[in-house]
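Visitor: this one's structure only:
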């Protein structure tokens, strides 16, 4: 059995209001998938963009070079093509063209077959007062959990 990999983008839920989520496949080379299976990837600064051919790419997604790779090793930061259905791509592209929406990766994981998948979300940026409200909610939830724990 293979160990599943879960790499999260924790800043995305704080910085953005998530509207819709999708699960996309990623086009990778051999050394890239080996590095992901070792957990050597980072999606904190990444975002997704469409190119001229209406294909979706993940930009600034960092996958470290494979330690045992030789001259055929990959670049750490490069654009990686995302695989979605044509209908989903058209809906996303139409939504991104409206003002203020962007596509952000939320989670990089491997499924039960060992394929790397990327959870992406159509998002709208939060304002500073929205961020303060979410911090207040986290604090109150934490306080309530502490009180509940004391009475058990």
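Guide: Structure's in. What do you need? What you are looking at is a predicted structure, and each value in this text was computed from that prediction instead of being measured.

Visitor: any idea whether residue 20 is helix, strand or coil?
Guide: strand (DSSP: H, G, I helix; E, B strand; the rest coil).

Visitor: I should have written residue 92 there, sorry.
Guide: Residue 92 is classified as helix under three-state DSSP.

Visitor: center of this structure, which residue is that?
Guide: A centroid search over the chain (C-alpha atoms, centre = their mean) returns residue 105, at 2.3 Å, as the residue closest to the centre.

Visitor: Please tell me how far that residue sits from residue 70.
Guide: Using C-beta to C-beta, to the nearest Å, we find residue 105 at a distance of 29 Å from residue 70. C-beta coordinates here come from the backbone N, C-alpha and C atoms, glycine included.

Visitor: Just give me the neighbour total for residue 87.
Guide: Residues lying near residue 87 (other C-beta atoms under 10 Å) number 8.

Visitor: Which strand or helix spans it?
Guide: Here residue 87, judged by DSSP states H and E, is contained in helix 86-97.

Visitor: Show me what that helix is packed against.
Guide: In this structure, helix 86-97 packs against strand 16-26, strand 47-50, strand 101-110, strand 116-125, with contacts taken as 3 or more C-beta pairs under 8 Å, 6 or more residues apart in numbering; DSSP states H and E.

Visitor: Just the buried positions in the longest one, please.
Guide: Residues of strand 16-26 classed as buried by neighbour count (16 or more other C-beta atoms under 10 Å): 16, 22, 24, 26.

Visitor: same check, this time on stretch 119-128
Guide: 119-123, 126.

Visitor: Touching, residue 50 and residue 56? I think so.
Guide: Yes - the pair residue 50 / residue 56 is scored as a contact, 5.8 Å apart, by C-beta atoms under 8 Å.

Visitor: Between those two, which is the more surrounded one?
Guide: Taking neighbours as other C-beta under 10 Å, residue 50 and residue 56 compare with residue 56 leading, 22 against 15.

Visitor: Check that one and give its pLDDT.
Guide: Looking at residue 56, its pLDDT stands at 92.

Visitor: about what we covered before: ok and the helix holding residue 87 relative to strand 116-125, angle-wise?
Guide: Per axes from the mean of the first three to the mean of the last three C-alpha atoms, to 10 degrees, the angle that helix 86-97 makes with strand 116-125 is 30 degrees.
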